[in-house]
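Enquirer: structure here, sequence nowhere to be found:
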């Protein structure tokens, strides 16, 4: 990727497979690829790839007839513009891998203070969180609906055609456009085709619609802490005398790595209600998420914990991930 225009060929770099269907003028018609936390090929199939190629040919014919406006080319961007990436790859005559580009971009954002972790770490929100299930072999044909999209009027058999006014032809297009939605947005406008007729739907985005599983991502900026937690309900917080608007959360899993690295002494069932004395945050709904969004990887912090009804403090040593090639 050392000589590829990263500005033009923009995508979530943690995808395993990604195609751009474009013409000799480098006008991108559509994208094919994408994934979620389930697997690298959740939305990939030979049938959907063939469908995407057919759609690309039809868009090319429309372009040749002058029916498609020429897109404005994004500002060029190349791997050599990121000094840390150059040091790690180009200067060593090593391969500029996609996931390295993504992480070093974020490292530079962290260093210059421009990083927005909600947007820059939690990439490619899962469409299932708003209730969309697709018939993968048939592209953007909806197979099942639930939750937010069902309440908005989406039905099985609908074909998704646009998101917030941007035409989408494949899951790759849909995921790319969904990733561009402002994380503070409360609604998304989805256009579908139903029985040959266009239908517009306004979808109310639920809280934390953007929250995704980071497990398969290589984020150096993510503080690794080796436990998982669930948010306490307001009633549970009151029961323990905690701030009802706080991010208190109950530990649901502790990885064995925590003991090996002496990261912390948390146990399943512990309630973490403060980090360095802070109990609430405008975004985070768990102590775990607060640390990911607000703390620097590799540093040590103090947790306020309730165990068996007793309050205590304990250190939490976070770790900064090293790369796997």
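Expert: Happy to help now that I have it. Note that the structure is predicted; figures quoted are calculated from it, not measured.
Enquirer: can you give me the helices for this structure?
Expert: Along the chain, the segments classed as helices by DSSP state H run 46-64, 83-88, 98-112, 117-120, 147-152, 171-179, 234-239, 256-260, 287-294.
Enquirer: just put those helices in CSV and tack on mean neighbour count and mean pLDDT.
Expert: Yep, even glycine has a C-beta here, placed from its N, CA and C like the rest. What follows is the helices of the chain, written out as CSV (neighbours: other C-beta atoms under 10 Å; pLDDT from 0 to 100):
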stretch, mean neighbour count, mean pLDDT
helix 46-64, 15, 97
helix 83-88, 16, 93
helix 98-112, 18, 94
helix 117-120, 17, 97
helix 147-152, 19, 98
helix 171-179, 24, 98
helix 234-239, 13, 96
helix 256-260, 12, 95
helix 287-294, 23, 97
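Enquirer: nearest to residue 75, out of these?
Expert: Proximity to residue 75, assessed across the helices of the chain by C-beta to C-beta, is greatest for helix 98-112 (14.2 Å).
Enquirer: helices or strands up against that closest one?
Expert: In this structure, helix 98-112 packs against helix 83-88, with contacts taken as 3 or more C-beta pairs under 8 Å, 6 or more residues apart in numbering; DSSP states H and E.
Enquirer: quick one: terminal-to-terminal distance for stretch 166-180?
Expert: According to C-alpha to C-alpha, to the nearest Å, stretch 166-180 extends 11 Å from its N-terminal end residue to its C-terminal end residue.
Enquirer: any residues touching that stretch, and which ones?
Expert: 11-12, 18-19, 29-34, 43, 48, 51-52, 55, 59, 123-125, 127, 134, 136, 139-140, 160-164, 188 (C-beta atoms under 8 Å, 6 or more residues apart in numbering).
Enquirer: show me the contacts for residue 76.
Expert: Taking C-beta under 8 Å, 6+ apart as the contact definition, residue 76 lies against 5, 7-8.
Enquirer: contacting residues around residue 35?
Expert: Applying C-beta under 8 Å, 6+ apart, we find residue 35 in contact with 14-16, 41-44, 124.
Enquirer: any idea of the pLDDT on it?
Expert: We note a pLDDT of 95 for residue 35 in this prediction.
Enquirer: go on, residue 71?
Expert: We have a pLDDT of 88 for residue 71.
Enquirer: need the residue closest to the centroid of this protein.
Expert: In the chain, the residue lying closest to the centroid (C-alpha atoms, centre = their mean) is residue 123, at 2.2 Å.
Enquirer: residue contacts, that one?
Expert: Taking C-beta under 8 Å, 6+ apart, we find residue 123 in contact with 12, 14, 179, 212, 217.
Enquirer: and which of the residues you listed is nearest to residue 268?
Expert: Residue 268 has its nearest neighbour among the contacts of residue 123 in residue 212, at 23.4 Å by C-beta to C-beta.
Enquirer: backbone dihedrals for the residue nearest to that closest one when sequence neighbours are not counted, please?
Expert: Beyond its immediate neighbours in the sequence, the residue positioned closest to residue 212 (C-beta to C-beta, 6 or more residues apart in numbering) is residue 122, lying 5.2 Å away. Residue 122 has phi and psi values of phi -90, psi 70 when expressed as degrees, to the nearest 10.
Enquirer: got a list of what residue 122 touches?
Expert: For residue 122, the contacting residues are 183, 210-212, 214, taking C-beta under 8 Å, 6+ apart as the criterion.
Enquirer: thinking again about what came up before, now distance to residue 224 too, for the helices of the chain, in CSV please.
Expert: Rendered in CSV, the data for the helices of the chain read as follows (distance: least, C-beta to C-beta, whole Å):
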stretch, distance to residue 224
helix 46-64, 35
helix 83-88, 19
helix 98-112, 14
helix 117-120, 14
helix 147-152, 31
helix 171-179, 24
helix 234-239, 27
helix 256-260, 8
helix 287-294, 10
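Enquirer: tell me which of these lies nearest to residue 317.
Expert: Checking the helices of the chain against residue 317 by C-beta to C-beta gives helix 256-260 as the closest, at 9.3 Å.
Enquirer: ok, residues contacting that closest one?
Expert: Defining contact as C-beta under 8 Å, 6+ apart, one finds that helix 256-260 is touched by 225-227, 263-264, 266.
Enquirer: check what contacts stretch 241-248 and list those residues.
Expert: 231-232, 234, 236-238, 240, 271-274, 279-281, 284-287, 289-290.
Enquirer: can you give me the domain boundaries for this protein?
Expert: Here the chain is described, according to automatic domain parsing, as comprising the domains 18-120, 127-204, 227-317.
Enquirer: let's have the ones you listed in CSV, adding distance to residue 1.
Expert: CSV is the format used below for these (distance: least, C-beta to C-beta, whole Å):
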stretch, distance to residue 1
domain 18-120, 4
domain 127-204, 18
domain 227-317, 24
